[in-house]
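Participant: any chance you can model this:
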Amino acid sequence: MQPMENPGVTTVRVAPTADLPPDERAAVRDLLDLAFDGGFDVHDWDHTLGGLHLIVTRAGLPVAHGAVVQRRFLLDGRSLRCGYVEAVAVHPRWRGHGLAAAVMTEAERLIDGGYDLGALSASTEGRGLYLARGWVPWTGPTAVLTPSGVTRTPDDDDSTLVRPTPGLALTGTLTCDWRDGDVW
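Facilitator: Residues are numbered from 1 along each chain as shown. Below you'll find the predicted structure:
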């Protein structure tokens, strides 16, 4: 018998993708489909895998999720190890209970302790959460390193947020690594 969870206590479990059993991985995928109202595609799912998952459960099922995956960014001739935040979502029934904030607190701890930079691409709906936590818009242009070279991504300039790092100027061209689907 599984111990009862106290709904007043939020524990965020951190687990690498490799440690998620198939049934839990499927339950996380179902949560993301529900939370993003069908707007979470196969590429979004692929971007979520391979890093660390931040999971809050209630009655044994995931009700909040986020992931931190490592990416390589270029800025002013430097290669930066970036902790990139993906797939932050809360089950509709559990919204407004501070679960996204709990997930982000853990994501920020991981980023601050292990990466040169934290970054994410904020949806219109989620932007306020990140700004309230001190994430800031990237003020310079954005780009992606494609198989054929660096390509500007002007449509992503307004949605790209970073976790400020001492000494990091926010004005240069921030170039992310290539991946299928949305690059940011």
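Participant: quick one: mean pLDDT for the lengthiest strand in the chain?
Facilitator: Looking across the chain with DSSP state E, the single longest strand is strand 61-75. Strand 61-75 shows a mean pLDDT of 97.
Participant: helices or strands next to it in the packing?
Facilitator: When contacts are defined as 3 or more CB pairs under 8 Å, 6 or more residues apart in numbering; DSSP states H and E, strand 61-75 packs onto helix 22-35, helix 42-48, strand 52-58, strand 78-90, helix 99-114, strand 117-121, strand 174-177. Just so you know, the C-beta spots here come from the backbone N, C-alpha and C atoms, and that holds for glycine as well.
Participant: out of those, nearest to S159?
Facilitator: Nearest to S159, of all the helices and strands packed on strand 61-75, is strand 117-121, at 4.9 Å by CB to CB.
Participant: count of residues packed around P137?
Facilitator: The tally of other residues near P137 (other CB atoms under 10 Å) stands at 15.
Participant: same question for A107.
Facilitator: A107, neighbours per other CB under 10 Å, totals 26.
Participant: would you agree it is in contact with V68?
Facilitator: Yes - between A107 and V68 there is a contact under CB atoms under 8 Å: 5.2 Å.
Participant: identify the contacts common to those two.
Facilitator: 54, 83, 85 (CB atoms under 8 Å, 6 or more residues apart in numbering).
Participant: quick check: closest non-adjacent residue to the residue nearest to the spatial centre of the chain.
Facilitator: Nearest to the mean C-alpha position of the chain, counting by CA atoms, centre = their mean, stands V85 at 1.9 Å. Nearest non-adjacent residue to V85, counting by CB to CB, 6 or more residues apart in numbering: L120, 3.9 Å away.
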